[in-house]
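Student: Below are the sequence and a predicted model; questions follow.
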Amino acid sequence: MRKALTALALLAAGPAFASGLEIQVEGEANGTIKIDLFEDVAPKHVEQISALAAEGQYDGVVFHRVIEGFMAQTGDVEFGKLEGGDMSYAGRGGSSRPDLPAEFSDLPFDRGVVGMARSQSPNSANSQFFIMFDAGHFLNGQYTVVGKVTEGMDVVDAIKRGAGNNGSVIGQPDAMTKVTVTE
C-alpha cells in the first residue's frame, strides 16, 4: 500500500523534471501538447528523447498507432516521417542512438501519462513513445514512464484513431510538426 501511495503522490505532485516537451500537432488534431519529463524517474530515457527533440528528429513524425480508449504512439524517427516516408514501416524503427535499459518505476499508467514504447525485450526502448488516453494499469512496471501531459489533453483526445487490433492509422495520420524542449 505504501508503494502505491508513493507513486500516486509523485504523479500528483509532479516529479522533478529537468525539461519538458512542447509538441505542435497537425491533422485531425491541431494544437499544442505540453509534457513534463520525469528526469528523476527515467533519466536515460528523458535524456534520449530530449536530445532527439533538440536535434529536430521528431519534427514531421506521425502518430502511427492510435487505439481508442488506450493510447497514441509516435516517435519513429527512422520510418515515421510524414515527408517521403513509406507509412507501412512506421513503428518498426528507432533512432541512430542505442536502445535503452528499462527504467521501470511505481508510477501508474493513468490518463495523460507518457511511456516509452519497446519490443518484447524490456531493454529495447529507443525513440518511440505513447500518450495514454485512459488508464492502462496492466502496463505498470512493464514499460518506462517518462512524463505526463500538463496541457493539451484535448489535442491528444482529437488525434486520428487507427483501425484493427494494432491501431494502425489508415490514410493520412496526424503528425508532430515541431517538437521543442522546454525548461
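Tutor: Perfect, thanks for sending it.
Student: remind me which residues of the chain are low pLDDT?
Tutor: 1-18, 84-86 (pLDDT under 70).
Student: now with 80?
Tutor: 1-18, 82-89 (pLDDT under 80).
Student: So which residues of it form strands?
Tutor: Applying DSSP state E to the chain gives strands spanning 20-26, 31-37, 61-62, 65-67, 71-74, 113-116, 129-132, 145-151, 175-182.
Student: now these as CSV including mean neighbour count?
Tutor: Just so you know, the C-beta spots here come from the backbone N, C-alpha and C atoms, and that holds for glycine as well. Shown next, in CSV, are those (neighbours: other C-beta atoms under 10 Å):
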stretch, mean neighbour count
strand 20-26, 20
strand 31-37, 20
strand 61-62, 26
strand 65-67, 23
strand 71-74, 26
strand 113-116, 26
strand 129-132, 25
strand 145-151, 23
strand 175-182, 19
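Student: Relative to S168, which of those strands is closest?
Tutor: Of all those, the one in closest proximity to S168, counting by C-beta to C-beta, is strand 65-67 (6.2 Å).
Student: Please compute how far that closest one lies from its chain's middle.
Tutor: The chain centre lies 12 Å from the centre of strand 65-67; the measure is C-alpha atoms, centre = their mean, to the nearest Å.
Student: Could you do stretch 120-128 as well?
Tutor: That offset, for stretch 120-128, works out to 12 Å (C-alpha atoms, centre = their mean).
Student: who touches it?
Tutor: 45, 48-49, 52, 57-58, 73-78, 91, 93-95, 97-102, 104, 116-118, 142-144 (C-beta atoms under 8 Å, 6 or more residues apart in numbering).
Student: Endpoint to endpoint, it covers what distance?
Tutor: Start-to-end span of stretch 120-128 (C-alpha to C-alpha, to the nearest Å) is 14 Å.
Student: And that stretch, what's buried?
Tutor: Within stretch 120-128, the residues that qualify as buried are A125, N126, S127, Q128, counting by 16 or more other C-beta atoms under 10 Å.
Student: Which members of the contacts of stretch 120-128 occur in helices, if any?
Tutor: H45, Q48, I49, L52 (DSSP state H).
Student: Run through the residues that contact the last one.
Tutor: What that stands for is L52. Taking C-beta under 8 Å, 6+ apart, one finds Y58, G75, V77, S95, R97, S127 in contact with L52.
Student: Tabulate those (JSON lines), appending distance to V181.
Tutor: Output for the contacts of L52, formatted as JSON lines (distance: C-beta to C-beta, whole Å):
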{"residue": "Y58", "distance to V181": "10"}
{"residue": "G75", "distance to V181": "14"}
{"residue": "V77", "distance to V181": "15"}
{"residue": "S95", "distance to V181": "15"}
{"residue": "R97", "distance to V181": "16"}
{"residue": "S127", "distance to V181": "14"}
